[in-house]
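Asker: pasting the sequence and the predicted coordinates here, then a few questions.
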Amino acid sequence: MSSPSHPYQDPSLSPAQRAEDLLSRLPLEDKAGLMFQPLATLGDFDTPGPIGYPSTRTLLERRINHFNILQARSAKELAQWANAVQAEVRRQPFGIPVTISSDPRHAFGNNPGTGLAAGPFSQWPEPLGFGALDDPELTERFGEVVRREYRAVGITLALHPQIDLATEPRWSRTGGTYGQSAATASRLGVAYVRGLQGEELGAGSVAAMGKHFPGGGPQLDGEDPHFAYGKEQVYPGGLWEMHLQPFKDVLAAGISQMMPYYGVPMGTEYEEVGFSFNREIVTDLLRRELGFDGIVCSDWGIIGATPWGVEHLSFEQRMVKALDAGIDQFGGEAIPGTLIGLVRSGEVNESRIDESARRLLREKFTLGLFDDPFVDAERAEIVVGAADAREEGLRAQTAAHTLLMNGTTKAHLPLERGISVYVEGMDPAALAGRANVVAAPEDADVAILRVAAPFEQRGVPGDLESFFHAGSIEFPAQDVEHVAAVASAAPTVVGVYLDRGAVLTPLLPHVDSLIAEFGASDEAFARVLFGEAEPLGRLPIELPSSTEAVEASRPDVPSDSVDPAFEYGFGLRYEHWQLRPQPTDAERSATTVSRRRGGRYRLDRTSIGLLLKDPDARAVLAEDMPELLDHPMLNVSLGMDVPSVVAMAGDRVDETRRQHLLSRLAAL
């Protein structure tokens, strides 16, 4: 083996020594390229990037070597693309390897701005479900699985954990948190970082990025600062320190990176500009007071899309202000040319670029990317979504269910095997071997309804805003009336998916049994319903009794609504529960599964993901709008309602054809 030509190529030296040597050799163009982390497209390097980003080839030509990726149809595809990118950058003069990053992708949520459904990866509850269990050991184990699966496909940076406190029940980012408790967020955040990084960051680690410093939960009116109407963070209860505490704890645990949020602190001692532009937050608080010398990456698009508090500044002035605040890397941006221009004009000193480039290079060396950035694509297919991890994820899904009401009728949980059930909101096939599924509630012993926390569909379908579940947490009157109508025909169990708070009060008079979940497959839900698993969760957030109670509460204060419907920490248990076996193949074949005919779906309240589980509906889609099934945004649109997704995918389809499709689906 030949000796290294330069010290940075010598693996016997420390990452800091290697980074310092390489930094001394890099031209400005390469140093500037380190400081950007845009979205990149899997596949051909010349394919235009997602949502307006340049192609991968253009990014590489700009010497950018941190890529955030979205969709992945298979582990092998992702691993092969990662290898191709690493091979391509080795042709550049210094061969700086690429750091590939990802938002969460091991659960159920589908939002290109926050996290992705599992796809080929093992599937677990949302972080809020881990908060319902408050089990650091399980959370660390989950982090280890994420590390194993990420590294197998070439991902070395996790844009998580999200350790904000969910103290405002309307906030659309609640599902990505561990709930409202600072103590729980600290315990689980530290455990998860340990699972991702190990005892210390090294060649087998995935670097963790904590977000959103110094705490993104106390949002005015529960709105989110991805959008101008949600940019204000407020602290009427004076609990700034409580929201900061989980970040202090993960910093002490050695987290590698930190992401400030978009929000503007209002009425505090700090400048009223977005946190990534705020020197008092990034340099004075995070760097000096808390002693953090890791990477600080801005949230995505602060220069061009979300420059809250500095809208009056020019594009270049915003960049200068963020650099002065202490930002090392611009998330979601791909404009090193602007930074190079600022250095050459004298507005930014090159030593300031060196400061950030040094940290970014040091992490690449620490992660082992300079020595061996390649992965085994065949092995990735075996490691990612392996059977043991899938079963672990399924057990976690079942355990996180939280029992809120348990009636005394036939809908008492766990349900008895062999009953007749009417179902909505899930694939009836999941109940095979457990119950006979009938087509109408009047014919059922028990009705089972799966619903999701309500939200207002906003924005233009396909735009970022349309993916956020925001606005009212009250169920529309038609939804309440529908539940009441079903419940009048049969004792009813309702399972509600909580990706944020919900006002359940109007449902309570009609429901016999009520159970909350935080990301669960139909199989996981069925196991809990029929006693093959026990619901062990306790509410990680308070569920208010009314919108008025929420409006009167303080956004930074947990459990601050008057007379809540269900208090934080509430959760019943099955009485005298004994584990029941899962149904055998013979039992599954002995039951009948009937699908409702006519009016099976209320399309404006049905997700496209649920519709795609129905073979009849899928056949209609394939016949009338095949382009929808191949649409590149479909995988991140599964939680959106059917008309919105049809409008997004069929933007070049005439209105007559769209309405024909919707009519056929409504008639199923």
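Answerer: Good, I have the coordinates. Numbering: from 1, shown residues only.

Asker: give me the buried positions along the helix or strand hosting Arg18.
Answerer: Secondary structure from DSSP states H and E places Arg18 in helix 15-25. Neighbour-count burial for helix 15-25, counted by 16 or more other CB atoms under 10 Å, picks out 15, 18-23. For every residue, glycine as well, the C-beta is placed using N, CA and C.

Asker: likewise stretch 623-633?
Answerer: 624-625, 628, 631, 633.

Asker: that one - what's its average pLDDT?
Answerer: Here stretch 623-633 scores 81 as its mean pLDDT.

Asker: which residues sit against that stretch?
Answerer: With contact meaning CB atoms under 8 Å, 6 or more residues apart in numbering, stretch 623-633 is reached by 50, 71, 112, 462, 618, 621-622, 634, 637, 645-646, 648-650, 653, 657-658, 660-661, 664.

Asker: and for stretch 424-438?
Answerer: Residues contacting stretch 424-438 (CB under 8 Å, 6+ apart): 415, 417-423, 444, 446-451, 486, 495, 521-523, 525-526, 529-530, 582-585, 587-595, 610, 613-614.

Asker: any of these buried? List them.
Answerer: Using 16+ other CB under 10 Å, the buried ones in those are 415, 419-423, 444, 446-451, 486, 495, 521-523, 525-526, 529-530, 583, 591, 593, 595, 610, 614.

Asker: so which of those residues are in strands?
Answerer: Counting by DSSP state E, the buried ones among the contacts of stretch 424-438 place 420-423, 446-451, 495 in strands.

Asker: quick one, what contacts Arg526?
Answerer: Actually, residue 526 is Ala. It isn't Arg. Contacts of Ala526 (CB under 8 Å, 6+ apart): 426, 430-431, 434, 532.

Asker: between those residues, which is nearest Glu168?
Answerer: Met426 (29.7 Å; CB to CB).

Asker: which SS class is that closest one?
Answerer: Classification of Met426 by DSSP: H, G, I helix; E, B strand; the rest coil places it in coil.

Asker: list phi and psi for it.
Answerer: Note on Met426: its backbone torsions stand at phi -150, psi 160 [degrees, to the nearest 10].

Asker: just flag the most distant two among the buried residues of helix 15-25.
Answerer: Counting by CB to CB, the most remote pair of those is Pro15 and Leu23, 12.0 Å apart.

Asker: confirm Thr338 sits in a strand?
Answerer: No. Counting by three-state DSSP, Thr338 is not found in a strand; it is helix.

Asker: that one and Pro581: what is the separation?
Answerer: 63 Å (CB to CB, to the nearest Å).

Asker: and these two? Which one has more around it.
Answerer: Thr338 (16 against 8; other CB atoms under 10 Å).

Asker: residue contacts, the nearest residue to Leu464 once chain neighbours are set aside?
Answerer: Counting by CB to CB, 6 or more residues apart in numbering, Gly113 is the residue found nearest to Leu464 once chain neighbours are left out, at 5.2 Å. The neighbours of Gly113, taking CB under 8 Å, 6+ apart as the test, are 226, 300, 464, 467-468.

Asker: for Ala490, see how far away Gly113 is.
Answerer: With CB to CB as the criterion, Gly113 and Ala490 are 40 Å apart.

Asker: can you show me the helices along the stretch 301-450 of the chain?
Answerer: 315-325, 336-344, 350-366, 377-383, 387-400 (DSSP state H, counting those that start in this stretch).

Asker: before we move on, back to that, let's have the buried residues of helix 15-25 in CSV, adding distance to Ser5 and pLDDT.
Answerer: Below are the buried residues of helix 15-25 laid out as CSV (distance: CB to CB, whole Å; pLDDT from 0 to 100):
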residue, distance to Ser5, pLDDT
Pro15, 18, 98
Arg18, 13, 98
Ala19, 17, 98
Glu20, 16, 98
Asp21, 11, 98
Leu22, 12, 98
Leu23, 16, 98
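
Asker: nearest to Gly129 among these?
Answerer: Pro15 (35.8 Å).

Asker: nearest to Arg91, out of the helices of the stretch 301-450 of the chain?
Answerer: Once these are compared by CB to CB, helix 350-366 is nearest, at 17.4 Å.

Asker: what's the angle from the closest one to helix 315-325?
Answerer: 70 degrees (axes from the mean of the first three to the mean of the last three CA atoms, to 10 degrees).

Asker: just how off-centre is helix 350-366 within its chain?
Answerer: 28 Å (CA atoms, centre = their mean, to the nearest Å).

Asker: do the same with stretch 279-295
Answerer: The chain centroid and the centroid of stretch 279-295 are separated by 26 Å under CA atoms, centre = their mean.

Asker: buried ones in that stretch?
Answerer: 279-283, 285-287, 290, 292, 294-295.

Asker: need these in a markdown table (columns: pLDDT and distance to Ser553).
Answerer: Below are those laid out as a markdown table (pLDDT from 0 to 100; distance: CB to CB, whole Å):
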| residue | pLDDT | distance to Ser553 |
| --- | --- | --- |
| Arg279 | 98 | 32 |
| Glu280 | 98 | 28 |
| Ile281 | 98 | 25 |
| Val282 | 98 | 30 |
| Thr283 | 98 | 33 |
| Leu285 | 98 | 27 |
| Leu286 | 98 | 29 |
| Arg287 | 98 | 34 |
| Leu290 | 98 | 29 |
| Phe292 | 98 | 32 |
| Gly294 | 98 | 35 |
| Ile295 | 98 | 36 |
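
Asker: among those residues, which are in strands?
Answerer: Ile295.

Asker: so which of the buried residues of stretch 279-295 comes closest to Arg500?
Answerer: Among the buried residues of stretch 279-295, and counting by CB to CB, the member closest to Arg500 is Ile281, at 25.7 Å.

Asker: where does the prediction get shaky in this protein?
Answerer: 1-2, 632, 650-652 (pLDDT under 70).

Asker: list the contacts of Met242.
Answerer: Met242 neighbours (CB under 8 Å, 6+ apart): 165, 182, 556.

Asker: so how far is the helix or strand encompassing it off the chain centroid?
Answerer: Assigning secondary structure by DSSP H and E places Met242 in helix 240-252. Centre-to-centre, helix 240-252 and its host chain are 21 Å apart (CA atoms, centre = their mean).

Asker: returning to what we had before: what would the contacts of Gly113 look like in a markdown table with secondary structure and neighbour count?
Answerer: Formatted as a markdown table, these follow (DSSP: H, G, I helix; E, B strand; the rest coil; neighbours: other CB atoms under 10 Å):
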| residue | secondary structure | neighbour count |
| --- | --- | --- |
| His226 | coil | 24 |
| Trp300 | coil | 22 |
| Leu464 | helix | 18 |
| Phe467 | helix | 25 |
| Phe468 | coil | 22 |
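
Asker: which of the helices or strands spans Val620?
Answerer: helix 615-624.

Asker: now the end-to-end length of stretch 85-94.
Answerer: 15 Å (CA to CA, to the nearest Å).

Asker: which residues are contacting it?
Answerer: 22, 25-26, 30, 40, 45, 56, 60, 63, 65, 67, 95-98, 100, 154, 373-374.

Asker: can you pull the buried residues of that stretch?
Answerer: Under 16+ other CB under 10 Å, the buried positions of stretch 85-94 are 85-86, 89, 94.

Asker: which residues in the stretch 151-300 of the chain form strands?
Answerer: Using DSSP state E, counting those that start in this stretch, the strands found in the stretch 151-300 of the chain span residues 155-158, 207-213, 232-234, 257-260, 264-266, 295-296.

Asker: dump those to TSV, plus distance to Glu575.
Answerer: Shown next, in TSV, are those (distance: least, CB to CB, whole Å):
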stretch	distance to Glu575
strand 155-158	40
strand 207-213	40
strand 232-234	43
strand 257-260	45
strand 264-266	48
strand 295-296	51
